[in-house]
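**Student:** sharing a model prediction with you, sequence too.
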There are 2 protein chains.
Amino acid sequence: MNARDIEKLREIVGEENARSSPADLYIYGADASVHAARPDLVLVPGKTEEVQAILRYANAKKIPVIPRGAGSGMSGHAVPIDGGIVLDMKRMNRILEIRPQDILCRVQPGVVDDDLNKALKPYGFMYPPAPASSCIATIGGEIANNASGTRSVKYGATRDSVLGMKVVLASGELVKLGANTNVEASGYQLERLMVGSEGTLGVIVEATMKIVPIPKIRCLGIACYNKLADAGHAVSEIIASGCSASMIELMDNVAITAVNETQNLGLPDVEAIILFEAEGRVKDAVQAEIDAIQAACEKHGGFNIETSYDAKERTRIFAGRKKLFSSLSRYKEGYACTSLADDMAVPYSRMADLAGKIHEVAARNNIIMSAYGHCGSGCMHTKILMDVTKKAQWEDARRAVAEIYDYVHSVGGTTSAEHGIGLSKAPAFKKEKADSLELQRAVKRAFDPNNILNPHKLFDAPDDWVTATELRYPVGSVREP
Amino acid sequence: MNARDIEKLREIVGEENARSSPADLYIYGADASVHAARPDLVLVPGKTEEVQAILRYANAKKIPVIPRGAGSGMSGHAVPIDGGIVLDMKRMNRILEIRPQDILCRVQPGVVDDDLNKALKPYGFMYPPAPASSCIATIGGEIANNASGTRSVKYGATRDSVLGMKVVLASGELVKLGANTNVEASGYQLERLMVGSEGTLGVIVEATMKIVPIPKIRCLGIACYNKLADAGHAVSEIIASGCSASMIELMDNVAITAVNETQNLGLPDVEAIILFEAEGRVKDAVQAEIDAIQAACEKHGGFNIETSYDAKERTRIFAGRKKLFSSLSRYKEGYACTSLADDMAVPYSRMADLAGKIHEVAARNNIIMSAYGHCGSGCMHTKILMDVTKKAQWEDARRAVAEIYDYVHSVGGTTSAEHGIGLSKAPAFKKEKADSLELQRAVKRAFDPNNILNPHKLFDAPDDWVTATELRYPVGSVREP
């Protein structure tokens, strides 16, 4: 990418929307993952025509283009491993239409999740996937990642909310996918293929998403466990007994301690807690679900169960979960909280096993791991807490990550539940999906023959995540010289 | 396809599972659509390895392969327009696993929907999409079609139920897609791309599907309307007011008359009725939903509203809808009921308009059309009743179909809600998806470079559905000589 390319591309978006200072290139070289690289140029397009012009130019010159939302991705999706253009989509942040009568909305990709929900609230509706990063995450990024969250046990993931979209292809061509309807059986569901494609198939410039009515009544509960495995079994029991929960979250003792020590929230100091919620139109119905969930919790040793319909009280009970990520970051002096092996999914009946496995693997590999997450939707979260300045700790992490994923794959689970693959999870992903990698590459070529869109991610990412890029920590490089 | 090919292919499945008598070729040349063609050979494989061997052979010799479930498709998906092999998947009909603890089941593609539900019942679970053809439709066919049905307003379509699958590609290679987990964000969702691909991307040999608990309590209701438009507005109101209905079905007067005259069911002789259902764990909750639905129905002129929790009574009320398709076939002496423009989807707020449009178009084009369907999920059904022996009637139908689809597309609707595109709907589909047709073809080439899998369907189907094949009626040919 030469000076002339940069000048031509700057012209497309205007001087004020093109960035190439060292500070900008540093910031746009990283996301919330452990990885860091350096783009040649950052462009912040304001409209579809600009995105088309950028892609036409980049495609002709075979310049990499990395679409980026909030940069809150945890696996390196937005890290420009080959340099090129980072395409910051946050300026395209208009809510184009809210249509409660059709239970859908139409938005640009840069709309922040919480902003969309704020706009929907006066209509009595919400956009349900609710990832923990909803205060910064953009809808475009959530689609590219197939995000899910606390409410996915009831409402599904982003893939279940997408009705249609407009996409700029690598060629610069604009295509409309899907429809403004609740069901559709008109051929290939390319709009659903875009979900989870991590910027490798096209640039989403508009999305039509299903919305749902805000429930009138909500009840939140908390149950304590002396054994982590029991809490895991309880999650499985709640699901299998047909309770209609709108949230089931697990927190292990590492998570509880982190929250208590850094936020002083006074969560019960037990081996695990489950947070659960039910919602609905009438209180008796909600209470019936809560009773059933409570019975399932108690069947597996849950105690000190508290529930509340009160909004303030619910916020208080949930605060620990809400602040968990930032709490883990401050859990141990000198230890950073890294998003590694951070969001696997397993069949419900394996939740308890997986939670135990995580602790066992952590102990054996000199790192700290927490088991928590949206267990109601089948997603277990972990983080690896370690001294990121020590090279040996990265070797520990590499071993731990591999062991965790070997377990996950052995029980029919999958590498990522909701954060996507990017760079960090690519080795495990390639192992899991070994027999369809060539097919995935063929699909990629069909969309992007010149391989300009977020190249070297997913199936084409390096085989060792530790050395895939520079690390975003003062460890220097773990790469071979 | 020569005699040697036939012999080689027969050897793969064994003599008893290969069919080529004129009667067999006649039967396997048609499905439930208006189309008919003639395959060269019918093969009924019993296991995955046989499917692989057949595809390897066919791919090398560039012989078309048309996967077929029950043959209940209404748009010509399984009609072998280029001859070749019809691959009848009904022998691969084993339920491999039912795992209530993981709320999933694993099945072969030939399992009939009702049989799966019978097997799930003792566990207290069901497989929810529930197309009207569930007594014959196979799971493989439902996936290939992205089927939905009466329960899709609550549980979504087949695309929302698929977790994973095993697919034999055109090359004969076997790939595993998806996972045994409730959420997954591990790259491209190729398992969801397979949904609705109508046999053009691969042969599904196994599927992992989400199951849901059978609700403890159900209440069914019926509301009468003097104006069809009012019933349409009521459907939209029920959805937008956030009622949690498990079914909302519309029947217009043509449908009501057909059912009353042929089945003697005594449905109220009004312009339209709405059938609605709510379900749940406790009666008060169900009643609260029923009250809210009833209020929405009444707001738009609904009267004589009856509801019942009693299973027998519910069956009686629903019998009219259940027997509608067969009733329409006997509605008028000398008229056949054809599946044309039979399952469009529109945004909810356009339901009333669409119902009116259907009647207006029918009147202007000398045919009879009924407006009914799973309006709760956004799907409107029609049929065209006409004298299929008269060439002029096919011209009438061609005009009517085009007019209906022009309206559907103009309001952001889509050509098919749940029956798929096949041959009959391809012209409208190509118009609707004009800007992504090349992309769809590129995806098809990525999966099937030799174009052997169900060729000349969807984006590659003929531009005039009336002359695309011989018609399955004694009209002779409408094709130009």
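**Tutor:** Thanks, I have the structure now. Residues are numbered from 1 along each chain as shown, chains lettered A, B, ... in the order given.
**Student:** run through the stretch 1-150 of chain A and note the low-pLDDT ranges.
**Tutor:** Within the stretch 1-150 of chain A, no range satisfies pLDDT under 70.
**Student:** tell me where it has strands.
**Tutor:** Ranges of strands in the stretch 1-150 of chain A, per DSSP state E, counting those that start in this stretch, are A:18-19, A:35-36, A:41-43, A:65-68, A:85-88, A:95-99, A:104-107, A:125-126.
**Student:** what parts of the stretch 251-400 of chain A come near chain B?
**Tutor:** Contact residues (C-beta under 8 Å from any C-beta of the partner chain) of the stretch 251-400 of chain A with chain B: A:280-282, A:284-285, A:288-289, A:292, A:343, A:345-349, A:374, A:377-379. Placement of C-beta: from N, CA and C, glycine included.
**Student:** now the buried members of the residues you listed.
**Tutor:** Buried subset of those (neighbour count, 16 or more other C-beta atoms under 10 Å in any protein chain shown): A:280-282, A:285, A:288-289, A:292, A:343, A:345-349, A:374, A:377-379.
**Student:** ranges for the helices of the stretch 101-250 of chain A?
**Tutor:** For the stretch 101-250 of chain A, the helices defined by DSSP state H, counting those that start in this stretch cover A:113-120, A:139-145, A:152-155, A:190-194, A:228-240.
**Student:** against which helices or strands is the third one packed?
**Tutor:** Using 3 or more C-beta pairs under 8 Å, 6 or more residues apart in numbering or on different chains; DSSP states H and E as the contact criterion, the secondary-structure elements in contact with helix A:152-155 are strand A:247-252.
**Student:** so what strands line up beside the strand it packs on?
**Tutor:** Strand pairing for strand A:247-252, determined by DSSP bridges: strand A:272-280 (antiparallel), strand A:372-373 (antiparallel).
**Student:** just the CA atoms of it, as PDB, please.
**Tutor:** The C-alpha trace of strand A:247-252 is given here as PDB (Å, rounded to 0.1, in the frame of the first residue of the first chain):
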ATOM      1  CA  MET A 247     -31.700 -16.000  32.200                       C
ATOM      2  CA  ILE A 248     -29.500 -18.600  33.900                       C
ATOM      3  CA  GLU A 249     -26.000 -17.400  34.800                       C
ATOM      4  CA  LEU A 250     -23.300 -19.300  36.700                       C
ATOM      5  CA  MET A 251     -20.500 -17.800  38.700                       C
ATOM      6  CA  ASP A 252     -17.800 -19.900  40.400                       C
END
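**Student:** ok, then the element right after that strand?
**Tutor:** Downstream of strand A:247-252, the first helix or strand assigned by DSSP states H and E is helix A:253-263.
**Student:** in three-state terms, label residue A:286 for me.
**Tutor:** What DSSP: H, G, I helix; E, B strand; the rest coil gives for residue A:286 is helix.
**Student:** how about it, nearest residue that isn't a chain neighbour?
**Tutor:** In this structure, residue A:286 finds its nearest non-sequential neighbour in residue A:280, 4.6 Å apart by C-beta to C-beta, 6 or more residues apart in numbering or on different chains.
**Student:** doesn't residue B:285 make contact with that neighbour?
**Tutor:** Yes: contact criterion C-beta atoms under 8 Å: residue A:280 and residue B:285 qualify, at 6.4 Å.
**Student:** give me the contact list for stretch A:437-456.
**Tutor:** Identification of contacts with stretch A:437-456 by C-beta atoms under 8 Å, 6 or more residues apart in numbering or on different chains yields A:55, A:58-59, A:62-67, A:77, A:81-82, A:84, A:169-170, A:193, A:198-203, A:430, A:433, A:458-460, A:462, B:169, B:175, B:187-188, B:190, B:193, B:439, B:442-443, B:445-447.
**Student:** buried subset of the residues you listed?
**Tutor:** The buried subset of the contacts of stretch A:437-456 - by 16+ other C-beta under 10 Å - is A:55, A:58-59, A:63-67, A:77, A:81, A:84, A:169-170, A:193, A:198-203, A:430, A:433, A:458-460, B:169, B:175, B:187-188, B:190, B:193, B:439, B:442-443, B:446-447.
**Student:** so which of the helices of the stretch 101-250 of chain A is the most surrounded?
**Tutor:** helix A:139-145 (a mean of 30; mean count of other C-beta atoms under 10 Å in any protein chain shown).
**Student:** in strands, which of the buried ones among the residues of the stretch 251-400 of chain A next to chain B fall?
**Tutor:** If you go by DSSP state E, these have residue A:280 in strands.
**Student:** now, the buried ones among the residues of the stretch 251-400 of chain A next to chain B that are in helices?
**Tutor:** Among these, DSSP state H puts A:285, A:288, A:289, A:292 in helices.
**Student:** of those residues, closest to chain B?
**Tutor:** Sorting these by how near they are to chain B, with C-beta to the nearest C-beta, puts residue A:285 at the top with 2.7 Å.
**Student:** spit out the contact partners of the closest one.
**Tutor:** Neighbour list for residue A:285: B:280, B:281, B:282, B:284, B:285, B:288 [criterion: C-beta under 8 Å, 6+ apart].
**Student:** how does it look with 7 Å?
**Tutor:** By C-beta atoms under 7 Å, 6 or more residues apart in numbering or on different chains, the contact set of residue A:285 is B:280, B:282, B:284, B:285, B:288.
**Student:** residue B:34: which of those residues is nearest?
**Tutor:** Nearest to residue B:34 out of the contacts of residue A:285 is residue B:280 (C-beta to C-beta; 41.7 Å).
**Student:** so what's the closest one bridging to?
**Tutor:** In this structure, residue B:280 bridges to residue B:217 when assessed by DSSP bridges.
**Student:** ok, it to residue A:242 distance?
**Tutor:** 11 Å (C-beta to C-beta, to the nearest Å).
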